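**Student:** Have a look at this prediction, sequence included:
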Amino acid sequence: MPATTQVRTYTVREGLLDEWVRRWKEEIVPLRLKFGFSLGGAWIDRERRHFIWEISYDGPETFAERNRRYWDSPEREAMDLDPKDYLVSTDVREVTRVY
C-alpha cells in the first residue's frame, strides 16, 4: 500500500497553544510513532493560533485503518486528552509529495 501523508492545520483555543504543543510533543508524538506513523514536522503560527503538522503512514493497513487503531487503543484513551478541549477547528488535507 502506498504511503499516505496528511497536512493537518488546527486552530487552537485562545491561550492554549503552548499547552497543546507541549501535550502533543510529550503524549501524542510517542504514541503515533509507536503505531508506525512518521511525522514530517510541526509548526505554529502564533498570530492565527494555528498548529500545523505533517503525518504519514506507510504500512500494510490503510491510513484510516491504522488511525482507527491508534484512536481505539488503551494508550490513547489513557491520555485523557480530548482535542475538543483545545481545538476550535481542524483542516486535514491528504497530500502527495512531488519533490
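**Tutor:** Nice, thanks for sending it over.
**Student:** Tell me where this structure has helices.
**Tutor:** 17-23, 29-34, 63-72, 74-78 (DSSP state H).
**Student:** Tabulate those (CSV), appending mean neighbour count.
**Tutor:** In short, each C-beta sits where N, CA and C put it, glycine included. As requested, these are exported to CSV (neighbours: other Cβ atoms under 10 Å):
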stretch, mean neighbour count
helix 17-23, 15
helix 29-34, 14
helix 63-72, 14
helix 74-78, 11
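**Student:** Turn the ones you listed into JSON lines, including distance to Glu47.
**Tutor:** As requested, these are exported to JSON lines (distance: least, Cβ to Cβ, whole Å):
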{"stretch": "helix 17-23", "distance to Glu47": "11"}
{"stretch": "helix 29-34", "distance to Glu47": "24"}
{"stretch": "helix 63-72", "distance to Glu47": "30"}
{"stretch": "helix 74-78", "distance to Glu47": "31"}
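**Student:** could those be laid out in JSON lines, adding mean pLDDT and distance to Ile52?
**Tutor:** As requested, the helices of the chain are exported to JSON lines (pLDDT from 0 to 100; distance: least, Cβ to Cβ, whole Å):
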{"stretch": "helix 17-23", "mean pLDDT": "98", "distance to Ile52": "11"}
{"stretch": "helix 29-34", "mean pLDDT": "98", "distance to Ile52": "15"}
{"stretch": "helix 63-72", "mean pLDDT": "97", "distance to Ile52": "18"}
{"stretch": "helix 74-78", "mean pLDDT": "97", "distance to Ile52": "21"}
